[in-house]
Each structure stands twice: as structure tokens, then as C-alpha cells.
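Q: Below are the sequence and a predicted model; questions follow.
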Amino acid sequence: MMMRRRDCLNTILHCSAWALGSSAAGLAAAQTAKVAPRILVLGDSLSAEYGLTRGEGWVALLEQRLREQKLPHQVLNASISGDTTAGGRARLPALLKAPGPNYVIIELGGNDALRGLPLDSSRANLLAMARAAKTAGAKVLLLGMQVPPNYGASYGREFAGLFEQVAKQEKTALVPFLLKGVADRPDAEAWFQPDRIHPKAQAHPLMLELVWAQLKPLL
């Protein structure tokens, strides 16, 4: 009789442990399932709402678009005004740590040109960021930039070509010029803030459409 009771007790304990383990596993699975896909935006002032009211920038509009289309994706805007490709490259490893992003949008390079930094350095930094993001399992979208005509035709072509070269080499999605339809308008001056560098709020919906056209197929 004592053996039977002991066997019965062992059976109860075994079943209880199994049940608890199953519950814990089920809870972990449920929590994992609830983790929404993450979109990381690594950019400069064009993505950091410089000179705008909070919520007017294209990144905020992207979040709104995702909600409207009932997509579960979360957006992390890690953009910093004045940042360069070197700065983004230095910050990216920490941003890729688990739980890392599923998508990485890189919007950097404009400040490299404004500071006259070597094109080879900018290219190397963009390549390194794209590769790091891909190695971490994320899909990459590169947002290209162009410089004003006063920089010279040759420099302008080389700078714009950086983004195309990186996108082609790393097989990433690309928006060739984030300010297309804004900076190249006949009345472009009316679409920029007084510094003539940062677009006004009215330009950001156009910027979003350029980004969305390339991002949506990746989602």
C-alpha cells in the first residue's frame, strides 16, 4: 500500500511538473507570437523631424500609414540631427542587438557631403551598415540623397552614385533620391525651411510615398 501511494504521489508530481512546463512553454510561445515586426530608421535630421512639430515628419507618417493598413509593424526612429554615415555605423551594432529589427531603413550621407567628407569613407560606411543589418537578419532599404548644383556636376554625380553602388552591391532596396518631387520642383524654395536644407512639413507626405513604394514590398 505504501508503494502504491508513493507511486501515485510520484505520478501526481510528474504530471504537475509537465503541466507547469507546458504552461510556461505556451506562455513563452504566446509572448513570442505577440512580438511585432520591427522597423528601424537610422537617419539624420531629415528623419528626426528637425524644425517640425512632432508627428509631421515622414517617419511619424509611416507609423500612421501602418496603423491605417492594420499592419502590426513597430517603428523605432533612431535618427539624430547632424549624424553622418560614420556616426550611424558606430551606433548600429547596439541597435541590432536582440530583439533586433526585421527591417532597417538607412537615411544617412547628406551631412557627409555638407562637411566635405571623403566619398570613399561614406561608401565604406554605407556598405558596412547594409552588411551588418543583413547579417543580423534584417531587410535593408537605402534612402539616397543628392547635393545642390553648386557642389559641381562631377561631385554631384559621384555622391548620388554612392547609394546606387551600395544598393546594387548588397542587393538592397533603394530610393534613389529622398527629396525627389521636392528639391527638384520649380518652386522648391517654398517647400524648404529658411535654412534651405530641411523640407517643410508639406514635403514629408511626398517623402513618405517614395519610401513606402520601396518598403511595402519588403513587409
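A: Cool, the structure landed.

Q: and residue 105, what does it touch?
A: 39, 40, 41, 42, 43, 140, 141, 143, 211, 215 (Cβ atoms under 8 Å, 6 or more residues apart in numbering). Every residue, glycine included, has its C-beta placed from N, CA and C.

Q: can you pull out the helices in this structure?
A: 2-33, 58-68, 85-95, 110-114, 119-135, 153-170, 204-215 (DSSP state H).

Q: Going by mean pLDDT, which of the ones you listed comes out lowest?
A: Among those, helix 2-33 has the lowest mean pLDDT, at a mean of 43.

Q: Burial check on residue 121, number of neighbours?
A: For residue 121, the neighbour count with other Cβ atoms under 10 Å is 13.

Q: does it really touch residue 86, like I thought?
A: Yes. Residue 121 is within contact range of residue 86, at 7.1 Å (criterion: Cβ atoms under 8 Å).

Q: Spit out the residues that contact those two alike.
A: residue 112.

Q: correct me, but residue 87 touches residue 80?
A: Yes. In this structure, residue 87 is within contact of residue 80 by Cβ under 8 Å, at 7.1 Å.

Q: just to revisit the earlier point, take the contacts of residue 105 and write them to CSV, including distance to residue 72.
A: Putting the contacts of residue 105 into CSV (distance: Cβ to Cβ, whole Å) gives the following:
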residue, distance to residue 72
39, 11
40, 16
41, 17
42, 21
43, 23
140, 20
141, 18
143, 23
211, 19
215, 15
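
Q: Would you reformat the residues you listed as TSV and include neighbour count and distance to residue 150?
A: Shown next, in TSV, are those (neighbours: other Cβ atoms under 10 Å; distance: Cβ to Cβ, whole Å):
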residue	neighbour count	distance to residue 150
39	26	35
40	25	33
41	24	29
42	27	28
43	26	24
140	23	31
141	24	29
143	28	22
211	23	27
215	21	32
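
Q: quick one: which of those residues sit in strands?
A: In strands, judged by DSSP state E, the following of those are found: 39, 40, 41, 42, 43, 140, 141, 143.

Q: Need the nearest residue in space to the last one, chain neighbours excluded.
A: Right, the one you point to is residue 143. residue 107 (4.1 Å; Cβ to Cβ, 6 or more residues apart in numbering).
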